[in-house]
Structures are given as C-alpha cells and as structure tokens.
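Novice: I need the structure of the sequence given here:
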Amino acid sequence: MSTQRIPSLPLNETTGQTRQILDDVNRTLNIVPNLYGVMAHSPATLQGYLALGRVREHGLLSKPLQERIALTVAQANQCDYCLSAHTALAKQVGLTEEQILRSREADASDPKTRAALQFARLMVVDRGNVSEAEFAQLRDAGFSHGEIVEIVFNVTINIMTNYLNHVANTVVDFPAVPALEWA
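Specialist: Have a look, this model is predicted:
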C-alpha cells in the first residue's frame, strides 16, 4: 500500500470553518472520508464540493442515476477510491450488485439509463467532445436539455474527485472495489 501524497487532515487538526464543516460531515456520516480530509487543505474546495452535492440533491436526476453516473465515470477513470465510495453509496440508494456492475460498464437494462451512462462514459473518453449523433441518442432516449446539463454536471463533479484522488493517492476508506479492466 502506498502513502497518500496529500495527507488527509485529521479532524482534531482543523480549526474554524473547516473544523465546523468536517464536524458536520462526521455527524452525518460517522466518519470523515479521506477524500474530505484531502479537500480540507483547501477550505474553498471542500466548501464548494459539499455545496455542489447539496445542489445536486434538488436536481432533475434521481439519486440512483447520479450514483450510476458516478460509477461509470470512476470506472472510466479507474479511480479505486470513487469506485469504492460510490459502490457503498449506490447500495444505500437501493441499487443491486448487478446494477452496480453494469453501471461500471456504462450499461443498464433500461434503455434510457443505458443512454445516460454511455453518454457519461463518452464524455470522459472524448473529453466532452460528443458528436451530433451521440447527442441525438441521448435526446432520443427521452432526456430534456435540463437533464442533459445535469448529466454533464454530474460527470464533471466526479471527474474532479477522480483526479484529486489520483493526484493525492487517497487511501480507500470504504470497502475496496478495484477497477475492472477494459479491453
């Protein structure tokens, strides 16, 4: 096991607003995830990330779809930390083991969900440069412009945490789920 390049700040070593934020996280989750401890080095990043999470709760996309997008993005970026965290969160919102695995593969039995996950993976792989045909597939699956904007929003939030975990080498503090190997 390698060492984190950016250590997670322990709760007892934080002060002021950062301490208040992490205390709130700890009360809610009964843990301060290592990712949040890494973000605590930049209170603005920690606040911004948590604020984006609160905003997403009132969005157009369901929590299960948000988690499925997170799993697709984490798999595409091979982020073991986010795969592990979002697998745990996906189970909390009622996704089955099969749905979780299929989400990691950008697949779903429901055509509309499959379209969203495939679009999310395309965004990662093609850095957001999706074709007219790929965009049309998402629209044809029944997604509104607002829902498409929120798919992009969810993908980008997850890319940020994937990249931060890669840079920080964040130690996984959820039940470990390794990345699948893609052909």
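
Novice: so where's the protein shaky on pLDDT?
Specialist: For the chain, the stretches flagged by pLDDT under 70 are 1-2, 178-179, 181-183.

Novice: how about the helices in it?
Specialist: 16-29, 34-39, 43-56, 63-76, 80-92, 97-104, 111-125, 132-140, 145-168 (DSSP state H).

Novice: what does the fourth one rub up against?
Specialist: This means helix 63-76. The contact list for helix 63-76, computed with C-beta atoms under 8 Å, 6 or more residues apart in numbering, reads 56-57, 59, 61, 82-83, 86-87, 89-90, 93-95, 99-100, 103-106, 108, 113, 116-117, 120-121, 124-125, 151, 154-155, 158-159, 162, 179-180. Every residue, glycine included, has its C-beta placed from N, CA and C.

Novice: Can I get the buried ones among those residues as something I can paste into ChimeraX?
Specialist: Per 16 or more other C-beta atoms under 10 Å, the buried members of the contacts of helix 63-76 correspond to this ChimeraX selection:
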select :56,59,61,82,83,86,87,89,90,95,99,100,103,104,106,108,113,116,117,120,121,124,151,154,155,158,159,162
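
Novice: quick one on the thing from earlier: ok, which of the helices of the chain comes nearest P7?
Specialist: Across those, P7 has its closest neighbour in helix 34-39 (7.5 Å, C-beta to C-beta).

Novice: Tell me the gap between that closest one and the middle of its chain.
Specialist: Mean-position distance between helix 34-39 and its chain equals 14 Å (C-alpha atoms, centre = their mean, to the nearest Å).

Novice: coming back round to it: would you turn the helices of the chain into a markdown table with distance to I6?
Specialist: Formatted as a markdown table, the helices of the chain follow (distance: least, C-beta to C-beta, whole Å):
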| stretch | distance to I6 |
| --- | --- |
| helix 16-29 | 15 |
| helix 34-39 | 5 |
| helix 43-56 | 11 |
| helix 63-76 | 19 |
| helix 80-92 | 12 |
| helix 97-104 | 26 |
| helix 111-125 | 23 |
| helix 132-140 | 35 |
| helix 145-168 | 4 |
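
Novice: Next one: N158 relative to A108, how far apart?
Specialist: N158 sits 17 Å away from A108, going by C-beta to C-beta, to the nearest Å.

Novice: wait, isn't R102 in contact with S109?
Specialist: Yes: counting by C-beta atoms under 8 Å, S109 is a contact partner of R102 at 7.5 Å.
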